[in-house]
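1. What follows is a protein structure lacking sequence information:
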């Protein structure tokens with residue numbers, strides 16, 4: 001039942017065409033999550049900022065050359081904010097693993113994904129702390145090199161891990 005409600009509300013937000021209705025939905029979500037409102041809002045803004053900023057700038061530049069409606073930028077940003085906020089709020093209330101327990105395959109994929117996320121997050125924190133512990137403040141110019149090497153490390157690790165995960169999934173019958 002939770003799954004049907006979740007999908008229904010997501011589709012409701014998806015099909016809203018009016019900015020004032022989106023603002024009402026966001027206000028309603030803020031009221032529902034009163035104690036977590038500020039925390040969830042910060043989390044949503046952090047997670048969507050780069051994507052929304054890039055899309056908004058590109059649309060704004062296109063609107064300079066073509067006669068596009070600039071209110072559409074506000075509409076799309078509010079829609080993305082509302083959907084993301086709802087997803088974050090929903091999964092702060094309900095266990096994500098239990099939510100996907102209706103499907104063995106989805107549960108397995110979610111478990112693999114979460115284990116990868118936590119593993120990568122821990123590795124990144126370890127690398128960051130090791131870098132901070134070994135660097136003197138005057139040598140901060142090497143930070144760009146550190147970031148480049150860290151991305152390179154995670155890219156290679158992701159490729160290696162994806163091959164292993166693919167083999168594990170084939171062994172469990174996920175692919176024909």
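-> That came in fine, so what should we check first? What you see is a predicted model, and the numbers here were worked out from it, not measured in a lab.

2. drop to CA atoms for contacts and neighbour counts, all remaining ones
-> Noted.

3. what separates the residue nearest the centre of the chain from residue 161, distance-wise?
-> For the chain, residue 47 is the residue whose C-alpha lies nearest the centre (C-alpha atoms, centre = their mean; 5.4 Å). Distance from residue 47 to residue 161, counting by C-alpha to C-alpha, to the nearest Å: 24 Å.

4. now do residue 56
-> Where residue 161 is concerned, residue 56 sits at a distance of 34 Å (C-alpha to C-alpha).

5. Tell me how far stretch 109-122 lies from the chain's centre.
-> When C-alpha coordinates are averaged (C-alpha atoms, centre = their mean, to the nearest Å), stretch 109-122 and its chain have centres 14 Å apart.

6. counting contacts, what elements does the helix or strand hosting residue 148 pack onto?
-> Using DSSP states H and E, residue 148 sits in helix 143-171. Counting contacts by 3 or more C-alpha pairs under 8 Å, 6 or more residues apart in numbering; DSSP states H and E, helix 143-171 is packed against helix 104-134.

7. What helices and strands are in contact with the helix it packs on?
-> Using 3+ C-alpha pairs under 8 Å, 6+ apart: helix 104-134 touches helix 96-99, helix 143-171.

8. That concludes my questions; thank you for your assistance.
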